[in-house]
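Novice: Show me how the following folds:
(4 chains)
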Number of protein chains: 4
Amino acid sequence: SALTLEAADRIAAAGRKAAAENGTAMNIAIVDGGGHLVYFSRMDQAWLGSIDLALKKAKTSVLFCMPSSVLGEMSQPGGPVYGIEWSNDGLVSFGGGLPLTAVDGSIVGAVGVSGGTAEQDVQIAQACVQAL
Amino acid sequence: SALTLEAADRIAAAGRKAAAENGTAMNIAIVDGGGHLVYFSRMDQAWLGSIDLALKKAKTSVLFCMPSSVLGEMSQPGGPVYGIEWSNDGLVSFGGGLPLTAVDGSIVGAVGVSGGTAEQDVQIAQACVQAL
Amino acid sequence: SALTLEAADRIAAAGRKAAAENGTAMNIAIVDGGGHLVYFSRMDQAWLGSIDLALKKAKTSVLFCMPSSVLGEMSQPGGPVYGIEWSNDGLVSFGGGLPLTAVDGSIVGAVGVSGGTAEQDVQIAQACVQAL
Amino acid sequence: SALTLEAADRIAAAGRKAAAENGTAMNIAIVDGGGHLVYFSRMDQAWLGSIDLALKKAKTSVLFCMPSSVLGEMSQPGGPVYGIEWSNDGLVSFGGGLPLTAVDGSIVGAVGVSGGTAEQDVQIAQACVQAL
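Specialist: Numbering: from 1, shown residues only, chains lettered A, B, ... in the order given. Sure, this is the predicted structure:
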């Protein structure tokens, strides 16, 4: 099953709604199962530096089929994949990237959220995932 | 004056409506006056290679305050800026990128469209600009 | 409000004056609110490797609306944004980058200073900010 | 002999004066004999895309000890160095980059100018060179 623009639009809208309730301004990126961009929106006043973070969190999640934060645990100094962020033209390995999983269990894409604390980013990404 | 997400959303929706009427599937990217991404959407079935083209057409238009096609006329072999596409981490100098100009004449951003022929891309970009 | 070249020139001159008093040779970069370079000067004998550091400190500060050193506190191993330096084509997350804030509170750009110890860089960046 | 900041500042000021007389807004970059940035200024309202062009024109001129336009004649399709723009992390091979030559004939740096037509850029670069 493929990720439609209609679904991506709905997912991002849910994220923006949750962000507005939190009083945060988020960048939200949604990629398909091949890591290609389907949708992106930047809320007014969101950090410019978070555009790239949102894009790379989504890419990171779908490339390794896991939350970006899980990769981050493994890429700490001394960890099993220390330095992995240099690969794939740049990964982001802290929280805010989550896979999008279809009813049949297949990963159809990922969402990347950036604009607040890592904790806030994760919370908004979860709101996005629940809207799939 | 700054480009809001609300305006970008409306601009892209106008472009998608025009594309659907044409039977084409377009990638539409909208950047602010500094070239930073505000909005992106890929219509279902649109070429994957056109994602980067749409992004770069929008960037190209805003960085030089002109339609991407105008830069393309000047960058042909023997032309005054032959080879300019290699600058700025990559430009795209054929049709489909147009500046977004506010009522006061200032350029607040640009739109980049890719997914059809250059002629179709320009037509959809014009539909976007008219929705500003 | 936009950052003029006249203001950038004045800001950098204040930084060079403070550096000369310290006996240090600094690279000073000033970017606008979109992270685009407005002004750069390298004092005679300043380290060549500090050119890029000054440019990236300024970019880092404006992209995240904070001193580069604050980002650095959060990007340590185990910290919430460990590895963020790999994003945005390279960030620098130690001291010497400071936002430039207008009277109305909006961030109109940033200054990045490099050439001495991190402590000296911060001191010169502060002299720059006070000249805005 | 080395290019001092004092000289670079004087060179750029001469370029800006000539540009103001022409009614153009220019980006002016000055590099030393090793291609490292010494000075940069962007006049208010100058194209953002010309920042990178000015930087790369200066780099191109000093790396090959010739005006950037001379390299451009040789890099046309069928020419002896067709495609050279892809080397050295990106060159710019149209007019506006000129070497800075000391009294003893040694090349101490280069200036790169961008913001108008190629013809205007060359004219301002010549004004810069004459101020060395």
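Novice: From here on, just use CA atoms for contacts and neighbour counts.
Specialist: Noted.
Novice: Now do the phi/psi pair for the residue most central in space within chain A.
Specialist: The C-alpha lying nearest the average C-alpha coordinate of chain A belongs to A:Gly112 (CA atoms, centre = their mean; 1.6 Å). Main-chain dihedrals, A:Gly112, degrees, to the nearest 10: phi -130, psi 130.
Novice: For A:Glu73, see how far away A:Pro80 is.
Specialist: 9 Å (CA to CA, to the nearest Å).
Novice: what about those two, which has more around it?
Specialist: A:Glu73 (16 against 12; other CA atoms under 10 Å in any protein chain shown).
Novice: Please tell me how far the more buried one sits from chain B.
Specialist: A:Glu73 sits at a distance of 30 Å from chain B (criterion: CA to the nearest CA, to the nearest Å).
Novice: how about the nearest residue to that residue, chain neighbours excluded?
Specialist: Closest residue in space to A:Glu73, ignoring its immediate chain neighbours: A:Gly79 at 7.6 Å, by CA to CA, 6 or more residues apart in numbering or on different chains.
Novice: Tell me if I am right that A:Ile30 is in a strand.
Specialist: Yes: counting by DSSP: H, G, I helix; E, B strand; the rest coil, A:Ile30 falls inside a strand.
Novice: who in chain A is up against chain B?
Specialist: Chain A comes close to chain B at residues A:4-5, A:36-44, A:48, A:51, as judged by CA under 8 Å from any CA of the partner chain.
Novice: cutoff 6 Å now
Specialist: For chain A, the contact set with chain B under CA under 6 Å from any CA of the partner chain comprises A:Val38, A:Tyr39, A:Phe40, A:Ser41, A:Arg42.
Novice: Can you turn the buried subset of those into a selection I can paste into PyMOL?
Specialist: A single PyMOL command is used to select the members of those judged buried by 16 or more other CA atoms under 10 Å in any protein chain shown:
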select buried, chain A and resi 38+39+40+41+42
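Novice: thinking again about what came up before, any idea which helix or strand carries the residue nearest to A:Glu73?
Specialist: A:Gly79 belongs to no helix or strand when elements are defined using DSSP states H and E.
Novice: Then A:Gly72?
Specialist: Counting by DSSP H and E, the element that carries A:Gly72 is helix A:68-74.
Novice: So for the following helix or strand past that helix, what gets flagged as buried?
Specialist: Using DSSP H and E, the next helix or strand after helix A:68-74 towards the C-terminus is strand A:97-101. Buried residues in strand A:97-101, defined by neighbour count with 16+ other CA under 10 Å: A:Gly97, A:Leu98, A:Pro99, A:Leu100, A:Thr101.
Novice: thinking the first one is in contact with A:Cys65, fair?
Specialist: This means A:Gly97. No: taking contacts as CA atoms under 6 Å, A:Gly97 lies outside contact range of A:Cys65: 10.3 Å.
Novice: by contact count, what packs against the longest helix along chain A?
Specialist: If you go by DSSP state H, chain A has its longest helix at helix A:5-22. With contacts taken as 3 or more CA pairs under 6 Å, 6 or more residues apart in numbering or on different chains; DSSP states H and E, helix A:5-22 sits against helix A:118-130.
Novice: go with 10 Å
Specialist: strand A:27-32, strand A:37-42, strand A:107-114, helix A:118-130, strand B:37-42 (3 or more CA pairs under 10 Å, 6 or more residues apart in numbering or on different chains; DSSP states H and E).
Novice: closest to C:Ser93 out of those?
Specialist: Nearest to C:Ser93, of all these, is helix A:118-130, at 17.0 Å by CA to CA.
Novice: is any part of the closest one close to chain C?
Specialist: Yes: judged by CA under 10 Å from any CA of the partner chain, helix A:118-130 and chain C are in contact via A:Ala118, A:Glu119.
Novice: helices and strands around that helix, which ones?
Specialist: Using 3+ CA pairs under 10 Å, 6+ apart as the contact test, the elements touching helix A:118-130 are helix A:5-22, strand A:27-32, helix A:68-74, strand A:97-101, strand A:107-114.
Novice: Using CSV, lay out the ones you listed together with mean pLDDT.
Specialist: As requested, those are exported to CSV (pLDDT from 0 to 100):
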stretch, mean pLDDT
helix A:5-22, 98
strand A:27-32, 98
helix A:68-74, 96
strand A:97-101, 98
strand A:107-114, 98
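Novice: Ok, which of these comes nearest A:Lys56?
Specialist: strand A:107-114 (7.2 Å).
Novice: Which strands border the closest one, and is each parallel or antiparallel?
Specialist: strand A:27-32 (antiparallel), strand A:97-101 (antiparallel) (DSSP bridges).
Novice: Which pLDDT value goes with A:Gly33?
Specialist: Model confidence at A:Gly33, given as pLDDT, is 97.
Novice: For the residue in chain A that chain C sits nearest to, grab the count of nearby residues.
Specialist: Using CA to the nearest CA, the closest approach of chain A to chain C is made by A:Gly49 at 4.4 Å. A:Gly49: 25 surrounding residues under other CA under 10 Å.
Novice: one step back: turn the helices and strands packed on helix A:5-22 into a markdown table, columns for distance to B:Gln130.
Specialist: Formatted as a markdown table, these follow (distance: least, CA to CA, whole Å):
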| stretch | distance to B:Gln130 |
| --- | --- |
| strand A:27-32 | 26 |
| strand A:37-42 | 20 |
| strand A:107-114 | 31 |
| helix A:118-130 | 31 |
| strand B:37-42 | 17 |
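Novice: just so I know, which of the ones you listed lies nearest C:Val122?
Specialist: C:Val122 lies closest to helix A:118-130 among these, at 26.6 Å (CA to CA).
Novice: That closest one - what's its average pLDDT?
Specialist: 97.
Novice: how far is that helix from where the chain is centred?
Specialist: Taking the mean of its C-alpha atoms, helix A:118-130 sits 8 Å from the chain's own mean (CA atoms, centre = their mean, to the nearest Å).
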